[in-house]
Structure formats: structure tokens, C-alpha cells
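Engineer: Just need the structure, nothing else, for what follows:
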Amino acid sequence: MSGFFVALEGADGAGKSTQAQGLAARLEAKGHRTLLVREPGGTPLGEAVRQILLGDQGIAFGAEAEMLLFLACRVQLYEEKIAPALAAGKVVISDRYHLSTIVYQGIARGLGEARVATLCEAVLGTRRPRLNLVLELPAEMCRARRSAALDRIEAMPGLLEAVVAGFAQTRGAAGDRIVRISAAGTPDDVAARVFEAVSRAL
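Structural biologist: Numbers count the residues shown, from 1 in each chain. Modelled structure (predicted):
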């Protein structure tokens, strides 16, 4: 039995991590086996690079190197964790995946949406989610919800507004299935919308 791969996307503060954990618990209760992963991370390589990408390591690098590091971590995560889980029939839930690279580096960081989308398609091929759920929330609400401790990327001036706008407009890479869901309301309200969308896809 083949599994199912879904990614939760959106700006920081939209509630991706909360909803990813809630979705996994709800699917488990319905009898599905799940694997929850996060990006960047999930493997020794991913966790090490996460510290470089999001922390304050004193290492200077630009948006293009940033994009390539994310892609490297993503390939390793897929081969090491996601592919075996899918082969075992599990529902894999990723807290971010390639849409974040298209939006953050392609749109918000200025590398070009089409260029980054094409690169993601070339590198990942079919190693992409069958469903990309984008949690939509206005920038001011994301800012109010997110942690006061911002990582290196989150702290970039004006980035949040550009990311919110980017997720609203992106079509992803060729063949991507994107479903946008309002992240307004209580966590339970949003969880019901997320579960409904995933249930339809399953």
C-alpha cells in the first residue's frame, strides 16, 4: 500500500506546526499510521544545516546559497525518512516543504518565483507532496501570533508581508496541488478545515 504525502505551508505565525501535530493525532485516531517531519530538519544533516540557516552562527551567505541548502536538506529528508514511510503506507505530514523555498527565496528574497519553482521541479521531480495546504492569515495576525524570538530569516525587515503575499499568489512548481485554507479562528476551527481537506484527498 502506498502512502500519502501532505505539506502544511504558510507564513510564520499561521499555525503550521500546531496544525501539523493536530492532523497527525487526528489521523492516528482514525486508524492511519503517520510520520510527522519538519523542514529544515528531520535528519542529522537537516538539523545541522537548520542551525546554520536559522540560527546566528556568524556565517555569511546570500539567498541563493540559502535556497540550495534548503534543497539539499529536503532531498536527504525525502530519501532517508519520507520515502520509506510512504512505502510502508503511512501518511507523511511535513511542516513546510518546497513551496516555502519558492515563496521565501523565490518571491520574498528576490531570486524569482519561476526560476526557483523550475529548480525545485528539476531537483525534486516527483519527490513532492500530493497535497500542499497553505494556511492563510493576514500579516498583522501572523505577527501577533508568532514567537517573540525570531530566527535569522524571520527577523529580516519586511519579509513577513512579502511572504504572506507570496503564498497568496504562488502556483508552486508544475503539477503541484495547492489548497488554501483560512487560518483565522480558533485552532479547533482551523483543524476542522485542515482535516476536511486531507480527508477529501485521501
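
Engineer: what about the strands in this protein?
Structural biologist: Assigned by DSSP state E, the chain shows strands spanning 4-10, 34-38, 91-95, 131-136, 178-182.

Engineer: The third one packs against which elements?
Structural biologist: Translated: strand 91-95. strand 4-10, helix 16-29, strand 34-38 (3 or more Cβ pairs under 8 Å, 6 or more residues apart in numbering; DSSP states H and E). Any C-beta I mention is one placed from the backbone N, CA and C, and that applies to glycine too.

Engineer: now those as TSV including mean pLDDT and distance to residue 151?
Structural biologist: Formatted as TSV, the helices and strands packed on strand 91-95 follow (pLDDT from 0 to 100; distance: least, Cβ to Cβ, whole Å):
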stretch	mean pLDDT	distance to residue 151
strand 4-10	98	16
helix 16-29	97	13
strand 34-38	97	13
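
Engineer: Let me have the strands of the chain in TSV, adding mean neighbour count as columns.
Structural biologist: Converted to TSV, the strands of the chain look like this (neighbours: other Cβ atoms under 10 Å):
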stretch	mean neighbour count
strand 4-10	25
strand 34-38	19
strand 91-95	24
strand 131-136	22
strand 178-182	15
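
Engineer: Switch those over to CSV; also include distance to residue 85.
Structural biologist: As requested, these are exported to CSV (distance: least, Cβ to Cβ, whole Å):
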stretch, distance to residue 85
strand 4-10, 9
strand 34-38, 4
strand 91-95, 5
strand 131-136, 15
strand 178-182, 22
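
Engineer: which residues does residue 9 contact?
Structural biologist: Taking Cβ atoms under 8 Å, 6 or more residues apart in numbering as the contact definition, residue 9 lies against 16, 96, 97, 99, 100, 103, 132, 133, 134, 135, 167.

Engineer: which of those residues lies closest to residue 84?
Structural biologist: Lowest distance from residue 84 to the contacts of residue 9 (Cβ to Cβ) belongs to residue 97, with 17.0 Å.

Engineer: ok, the closest residue to that closest one other than its chain neighbours - contacts?
Structural biologist: Once flanking residues are discounted, residue 97 sits nearest to residue 7: 3.8 Å by Cβ to Cβ, 6 or more residues apart in numbering. By Cβ under 8 Å, 6+ apart, the contact set of residue 7 is 93, 94, 95, 96, 97, 98, 99, 129, 131, 132, 133.

Engineer: repeat for residue 12
Structural biologist: 142, 146, 154, 160, 163.

Engineer: Which residue, other than its chain neighbours, is closest to residue 85?
Structural biologist: Nearest to residue 85 is residue 35, by Cβ to Cβ, 6+ apart, at 4.1 Å.
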